[in-house]
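Trainee: give me coordinates for this.
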Amino acid sequence: MGNFKYINFVKNDLEAKIILNRPPLNILNIEMMKEINSVLKDITNYNQLRLLSILAEGKVFSAGVDVSEHTEDKVSLMMDVFLEMFRLLNSVKCPSLAVVKGSALGGGCELALFCDMVIASEKAKFGQPEVMVGVFPPVSVVIFPYLIGRNRSFELLLQGKSISAPEAERYGLINKVLPEENFDSLLKEFKEQILDKSPIVLRIIKAIIDKSLYLTVEEGLTQAKDVYLNELMKTDDASEGLKAFLEKRKPVWSGK
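Mentor: Numbering: from 1, shown residues only. The predicted model follows:
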């Protein structure tokens, strides 16, 4: 992929990383979001990836979308590019992980919390202050009720306040809060428990979790059985994983 002005992109055989790099606040402008979108489009072609991580340089994950691009002549384009970022992130087949060490506010908060998993430092903060300036967060009004329920969503989105990482964990917005002093080593341990799994099985699990959100329990169970028998059990990796367990050895994944 080409060079970018506002982000960095790093990839190996197992993990891809999108690193926000527009100091000091990593404010998302249209050009920066277009760069993110170009990477997300490309990532859909990487079938062996186990994980997509989104993180940031500096002390702030992201202070949100550039307010100057909410003007009448730019807001429609801004909204198209902004929402395309989430549609593309939703289409990425491997699991996604946001790593938040500083404040994630506004559109930056939405970008982090839209990921499949969120790991934060104990000093991180999350907030949707849009109501303070007379607008609303178009992604969080959709995803917050799924993540934390209707009533808590009203509280956070109507008040526009920021909450600490421990509060966000208690609410169910994020997965884990890690201490500052050994953040990187604990993050590595967390990721390793995903990166050593079969990429095709990770993709199947992600897909069926997302689909099941919109089904009744009975429909979800029927779908799970169908995917298990007709997709999962036909993969080489399912056969390898079961065989390796019976033979008491570590599986060797082919991603097929």
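
Trainee: ok, residue 119 - how many residues close by?
Mentor: Residues near residue 119, counting by other CB atoms under 10 Å, number 25. In short, each C-beta sits where N, CA and C put it, glycine included.

Trainee: what mean pLDDT does the strand or helix carrying it get?
Mentor: Secondary structure from DSSP states H and E places residue 119 in strand 117-121. If you average the pLDDT over strand 117-121, you get 98.

Trainee: now for that strand, which elements pack on it?
Mentor: strand 96-100, helix 165-171, strand 176-178, helix 183-195 (3 or more CB pairs under 8 Å, 6 or more residues apart in numbering; DSSP states H and E).

Trainee: hey, which of those is tucked in deepest?
Mentor: With neighbours taken as mean count of other CB atoms under 10 Å, the helices and strands packed on strand 117-121 reach their highest mean count in strand 96-100, at a mean of 25.

Trainee: contacts for the helix or strand that that one is followed by?
Mentor: As assigned by DSSP H and E, the chain's next helix or strand after strand 96-100 is strand 103-105. Residues from elsewhere that reach strand 103-105 (CB atoms under 8 Å, 6 or more residues apart in numbering): 60-64, 98, 111-113, 124-129, 162.

Trainee: same question for stretch 4-21.
Mentor: With CB under 8 Å, 6+ apart as the criterion, stretch 4-21 contacts 1, 22, 26, 28-29, 31-32, 35-36, 39-40, 43, 46, 48-57, 61-62, 191, 195.

Trainee: now intersect the residues you listed with the strands, please.
Mentor: Among the contacts of stretch 4-21, the residues falling in strands (DSSP state E) are 51-56.

Trainee: just the closest of these to residue 177, please.
Mentor: residue 55 (15.7 Å; CB to CB).

Trainee: and the gap between the closest one and residue 88?
Mentor: 18 Å (CB to CB, to the nearest Å).

Trainee: pull out the buried positions in stretch 65-85.
Mentor: 65-66, 69, 78, 81-82, 84-85 (16 or more other CB atoms under 10 Å).

Trainee: ok, now stretch 223-239?
Mentor: 227, 232, 235, 237-238.

Trainee: quote the end-to-end distance of that stretch.
Mentor: End-to-end distance of stretch 223-239 (CA to CA, to the nearest Å): 21 Å.
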